[in-house]
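S.K.: I need the structure of the sequence given here:
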Amino acid sequence: MRIVVVDDHEIVRQGLKALLEAEEDFEVVGEAGSVAEAVRRVGYASPEVVVMDVRLPDGSGVEACREIRSRWPAVKVLMLTSYADEEALMSAIVAGASGYVLKRIDSHDLVNNIRKVAAGESLLDGEMTDRLFRKLRGDEPDDPLLARLTPQERKILDHIADGLTNREISEQMFLAEKTVKNYVSNLLAKLEMSRRSEAAAYAARLAARREQEYPPEAWVGK
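M.R.: I've put the predicted structure just below:
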């Protein structure tokens with residue numbers, strides 16, 4: 001399988017090349033560190049799969065994907081990124097990418113994913129895809145801070161806003177008090193806050209804003 005690796009960091013490209021060429025059926029036939037170079041390299045090397053970083057110095061890997069797919073429709077593109085960005089995911093899908101996975105993926109899974117993409121499968125990071133479709137359905141919050149929290153952390157934030165202690169939250173959610181304490185620490189860190197009172201005030205502001213946008217009377221008769 002002929003592969004081109006695109007990433008603006010040489011050390012990442014070399015690491016990916018070493019990983020992929022350890023597979024008997026893989027051959028890295030080119031490397032690129034920019035959008036323009038990626039398009040030229042694909043035209044020159046005729047790969048079957050391009051492993052593409054999303055963020056490149058002269059533009060987006062999504063732009064490179066769109067150009068590559070328009071010129072060479074048979075070439076499969078797997079977007080590989082450090083950033084869980086729903087907008088970039090949607091753009092990559094529209095641009096014709098066959099997959100979008102995060103760099104935290106382990107090497108064995110990455111190799112398998114490249115094989116799947118080459119075989120024509122569509123491959124997207126499950127957690128990101130779920131979050132994207134929740135947002136499209138209107139289930140995902142627009143607030144950028146709130147979007148950092150897991151569903152469990154959001155429930156705990158709601159309980160904090162209601163003035164519950166860790167012990168009371170643990171009883172409500174059938175969790176160990178120590179587990180709740182860890183959740184609280186994590187959500188405060190994600191919200192870039194240091195005190196529960198800040199989180200409670202933040203949650204109250206969100207609730208007030210939601211009520212203004214979707215007042216109860218707007219649902220009467222619906």
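S.K.: list the buried residues in stretch 194-203.
M.R.: Neighbour-count burial for stretch 194-203, counted by 16 or more other C-beta atoms under 10 Å, picks out 196, 199-200, 202-203. Quick note: C-beta positions are derived from backbone N, CA and C, even for glycine.
S.K.: repeat for stretch 75-84
M.R.: Within stretch 75-84, judged by 16+ other C-beta under 10 Å, the buried ones are 75-81, 84.
S.K.: same check on stretch 88-96?
M.R.: For stretch 88-96, using 16+ other C-beta under 10 Å, the buried residues are 88-89, 91-93, 95-96.
S.K.: tell me which stretches of the chain form helices.
M.R.: All helices of the chain, identified by DSSP state H, fall at 10-21, 35-45, 61-71, 86-95, 107-118, 126-137, 151-161, 166-173, 177-190, 196-213.
S.K.: which residues are contacting the fifth one?
M.R.: What it means is helix 107-118. The contact list for helix 107-118, computed with C-beta atoms under 8 Å, 6 or more residues apart in numbering, reads 1, 3, 19-20, 23, 26, 48-49, 51, 76, 78, 80, 98-99, 101, 105, 123.
S.K.: at 10 Å instead, please
M.R.: 1-3, 15-16, 19-20, 22-23, 25-26, 47-51, 76-78, 80, 97-99, 101, 103, 105-106, 121-123, 125 (C-beta atoms under 10 Å, 6 or more residues apart in numbering).
S.K.: so it versus helix 10-21, what angle?
M.R.: Interaxial angle, helix 107-118 versus helix 10-21 (axes from the mean of the first three to the mean of the last three C-alpha atoms, to 10 degrees): 80 degrees.
S.K.: quick one: helix 107-118 to chain centroid distance?
M.R.: 18 Å (C-alpha atoms, centre = their mean, to the nearest Å).
S.K.: now it - C-alpha only, CSV.
M.R.: Listed next in CSV are the C-alpha coordinates belonging to helix 107-118 (Å, rounded to 0.1, in the frame of the first residue of the first chain):
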residue,chain,number,x,y,z
SER,A,107,-0.2,2.7,16.8
HIS,A,108,-1.9,-0.7,16.3
ASP,A,109,-5.3,1.0,15.8
LEU,A,110,-3.8,3.6,13.4
VAL,A,111,-2.4,0.9,11.2
ASN,A,112,-5.7,-0.9,11.2
ASN,A,113,-7.5,2.3,10.4
ILE,A,114,-5.3,3.0,7.4
ARG,A,115,-6.1,-0.5,6.1
LYS,A,116,-9.8,0.1,6.6
VAL,A,117,-9.7,3.5,4.8
ALA,A,118,-7.7,1.9,1.9
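S.K.: got the buried residues for that helix?
M.R.: Neighbour-count burial for helix 107-118 flags 110-111, 113-114, 116-118 (criterion: 16+ other C-beta under 10 Å).
S.K.: if you average the pLDDT over it, what comes out?
M.R.: Averaging pLDDT along helix 107-118 gives 91.
S.K.: and the second one, by the same measure?
M.R.: What helix 35-45 shows for mean pLDDT is 95.
S.K.: okay, it in PDB with CA atoms only?
M.R.: Taking C-alpha atoms only, helix 35-45 is exported to PDB below (Å, rounded to 0.1, in the frame of the first residue of the first chain):
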ATOM      1  CA  VAL A  35      -0.800  22.100   1.700                       C
ATOM      2  CA  ALA A  36       1.000  23.000  -1.600                       C
ATOM      3  CA  GLU A  37       3.700  20.300  -1.000                       C
ATOM      4  CA  ALA A  38       1.000  17.700  -0.200                       C
ATOM      5  CA  VAL A  39      -0.800  18.300  -3.400                       C
ATOM      6  CA  ARG A  40       2.400  18.200  -5.500                       C
ATOM      7  CA  ARG A  41       3.600  15.000  -3.700                       C
ATOM      8  CA  VAL A  42       0.400  13.200  -4.200                       C
ATOM      9  CA  GLY A  43       0.500  14.000  -7.900                       C
ATOM     10  CA  TYR A  44       4.100  12.800  -8.200                       C
ATOM     11  CA  ALA A  45       3.900   9.700  -6.000                       C
END
